[in-house]
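*Asks:* The following comprises the amino acid sequence and a computationally predicted model.
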Amino acid sequence: MLHHTKKWIPSREELLSKPWLRPLWPYLRDDRLWHLNRHSVAKAVAIGLFFGLLLPVAQILFAVLVAVALRGHVAICAACTLITNPFTFPPIYWLAYQIGSGILGQGLDPVTAEMVAQQRETLAAQHGWLEGLWMTLQSAGAPLALGLVILAVVMSVLGYALVHFFWKPHHGQTPHA
């Protein structure tokens, strides 16, 4: 299975060709950051999921910085930040808001939920859908932030554990690798 996944993982050369990673070049040349083993991949998945869920912008940069510091596989880490993308962003943020609201005891009753939906539609009509979405996210505040932190921590721990559980050693690898 490992040889099939290599075609989906950007190569060291592909990542090093990105000008925004230029300040990290001396660190990214470390071979340990590119070696596929259970520990480096598990760390990479955990770091990538954490920053991918927690930060709405610059998540790849922060994830790569932490992967370099903790010796996780850089390319897999960067790829795992893509858990949030235009297709997954709305349901993830909705779920995070629901989690945060539930913990903070701020669940919306049906009447308030309808008012929020109407307000969102009005904002989208007045300011455009992107700005309306941004204003809605800002108004979500503490419940969204708490939910994102919880999702980021839970998913990164789960990702780390799943890699360790499902990793099977291949030719010449020891079971501990």
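*Replies:* That came through fine.

*Asks:* ok, and the closest non-adjacent residue to Ser101?
*Replies:* In space, Ser101 comes closest to Pro143 once its chain neighbours are excluded; the distance is 4.2 Å by CB to CB, 6 or more residues apart in numbering. Every C-beta, even on glycine, is put in place using the N, C-alpha and C of the backbone.

*Asks:* Counting neighbours, what do you get for that neighbour?
*Replies:* Using other CB atoms under 10 Å, Pro143 has 21 other residues around it.

*Asks:* Please apply the same query to the one 5 residues further on.
*Replies:* Residue neighbour count, defined by other CB under 10 Å, stands at 23 for Leu148.

*Asks:* going forward can the numbers begin at 165, since that is how I track them
*Replies:* In the new count, where the first residue is 165, that last one comes out as Leu312.

*Asks:* Pull the contacting residues for it.
*Replies:* 217-218, 257, 260, 264 (CB atoms under 8 Å, 6 or more residues apart in numbering).

*Asks:* so where's this protein shaky on pLDDT?
*Replies:* Filtered on pLDDT under 70, the chain yields the residue ranges 165-175, 270-281, 283-285, 287-304, 334-341.

*Asks:* How about the contacts made by the most centrally placed residue in it?
*Replies:* When CA atoms, centre = their mean is applied to the chain, the residue found nearest the centroid is Gly216 (1.7 Å). Contacts of Gly216 were listed using CB under 8 Å, 6+ apart, and they are 223, 227, 244-248.

*Asks:* can you redo those as TSV with secondary structure and neighbour count?
*Replies:* Listed next are the contacts of Gly216 as TSV, based on DSSP: H, G, I helix; E, B strand; the rest coil; neighbours: other CB atoms under 10 Å:
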residue	secondary structure	neighbour count
Gln223	helix	21
Ala227	helix	27
Cys244	helix	28
Thr245	helix	24
Leu246	helix	12
Ile247	helix	20
Thr248	coil	19
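
*Asks:* now, which of these sits nearest Thr286?
*Replies:* Minimum distance to Thr286 across the contacts of Gly216 is 26.2 Å, recorded for Thr248 (CB to CB).

*Asks:* Need the nearest residue in space to the closest one, chain neighbours excluded.
*Replies:* Leaving aside its sequence neighbours, Thr248 sits nearest to Gly216 (CB to CB, 6+ apart; 5.3 Å).
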